[in-house]
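In: Sequence and computational prediction follow.
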Amino acid sequence: MNLRVLLGLALISSVLAADSGAAQSHQEIADVLDDFHDAAAHGDKVRYLGHLTDDAVFMGTDEWERWPKNPEFTAYVDGRFENGSGWEYRSVERQIRIADSGDTAWFDEVVYSELNGRFRGTGVLTRTPAGWKIAHYALSFLILNENWEQVIDLTRDTAAEQASPQASDRTAVLAAVKKFFETMTACDVEGARQVVNPDGRFFRLRMEGPGTDVSHFDNAGYFERLAACEQVNVERLWDAKVQVHRDLAMVWAPYEFWQNGEFSHCGVDLFNLVRGESGWQITGGAYTTETEGCEDSPLGPLVETRSERAGDAR
């Protein structure tokens, strides 16, 4: 075998080895991205954040959503994955390009959500001693060109609304309601006292069968039941309508109620709030409990993993 043949064989072998290594790297990167999305779908915080470098940045869909992994994005994931569920996006198209050095990769993908439709994810990965890690991920809405003008108008109107003085009040009011739900799940009486006025009262309208059974309880009694809780309760609302007039506010929203990880009932919440020196407090309100005609929540299924004990305080 002459020298020319040997050199040709060596060249072919090196090309084949390079192609094999590139294919393996592509598959490793695809596996990382797929598992990243799977961890989010299952609310697995450790696995999800483990795919990010320590200095990673996640770019959300809103213009202000630039989340460094530490501490902002980690805290956000903590809250979103708290009940064992996160968000579900499935990659339906993906392109991967690896730098000549073999240590950096770029990707773009189209991901699909049953709830929200199609998005584009783009980002950068780096090869570390522990394998490929995501250093940057940006998520953006895909908008049909035919809808461009409507989206521009909607964005302009929303921006003007958020610039109004009521926008920050609305956020604070909803934060008080959110904390009320969190303290109910955690049986946190002291936390509940921060957002619930002890002198208030709630009315419950049980809508089962042909009639409506109306009962009521005061907030002091709610605190007593919360302290003796024995079950895990999770309440979630959506499409909240908020009205604010100076130091008076009202929240109206459909909700669903889960007990020990099982769906219990649905209904409508009406919260009345007043603002004092310590911020917004729930003074009372009314809510319905309904077991028939409950539609699927736009929030998706609840995967309950919390170990805290909570009782039927409401």
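Out: Received, thanks. Residues are numbered from 1 along each chain as shown.
In: that's a strand at M250, yeah?
Out: Yes - membership of M250 in a strand is supported by DSSP: H, G, I helix; E, B strand; the rest coil.
In: Neighbours of the closest residue to it other than its chain neighbours, how many?
Out: Nearest residue to M250, sequence neighbours excluded (CB to CB, 6 or more residues apart in numbering): Q243, at 4.7 Å. Yep, even glycine has a C-beta here, placed from its N, CA and C like the rest. When neighbours are counted by other CB atoms under 10 Å, Q243 registers 12.
In: so Q243 touches A249, yeah?
Out: Yes - contact criterion CB atoms under 8 Å: Q243 and A249 qualify, at 6.6 Å.
In: my guess is V196 meets K179, correct?
Out: No - contact criterion CB under 8 Å: V196 and K179 do not qualify, at 9.3 Å.
In: neighbour count winner among the two?
Out: Higher neighbour count among V196 and K179: V196, with 27 against 18, using other CB under 10 Å.
In: Regarding A176, which helix or strand does it belong to?
Out: helix 166-186 (DSSP states H and E).
In: Name the surrounding residues that touch the helix or strand just after that helix.
Out: Toward the C-terminus, helix 166-186 is succeeded by helix 189-195 as the next helix or strand (DSSP H and E). Helix 189-195 is contacted from outside by 176-177, 179-180, 182-184, 222-223, 226-227, 278-282, using CB atoms under 8 Å, 6 or more residues apart in numbering.
In: Same question for stretch 51-63.
Out: 32, 35-36, 39, 65-70, 73, 119, 126, 128, 133-141.
In: okay, the residue nearest to F181 when sequence neighbours are not counted: pLDDT?
Out: Among residues not flanking F181 along the chain, E235 sits closest, at 4.9 Å (CB to CB, 6+ apart). Residue-level confidence at E235 comes out at 95, pLDDT.
In: helices and strands around the helix or strand hosting E235, which ones?
Out: Using DSSP H and E, E235 sits in strand 233-237. With contacts defined as 3 or more CB pairs under 8 Å, 6 or more residues apart in numbering; DSSP states H and E, strand 233-237 has these neighbours: helix 166-186, strand 248-259.
In: before we move on, back to that, wait, the residue nearest to F181 sits on A253?
Out: No - look at E235 against A253 with CB under 8 Å: they stay out of range, at 10.5 Å.
In: worst-scoring helix or strand of the chain, pLDDT-wise?
Out: helix 3-41 (a mean of 73; mean pLDDT, DSSP states H and E).
In: how far away is the most centrally placed residue in the chain from E28?
Out: Nearest to the geometric centre of the chain sits R80, at 4.2 Å (CA atoms, centre = their mean). The gap separating R80 from E28 is 27 Å, by CB to CB, to the nearest Å.
In: now G123
Out: From G123 to E28 the distance is 15 Å (CB to CB).
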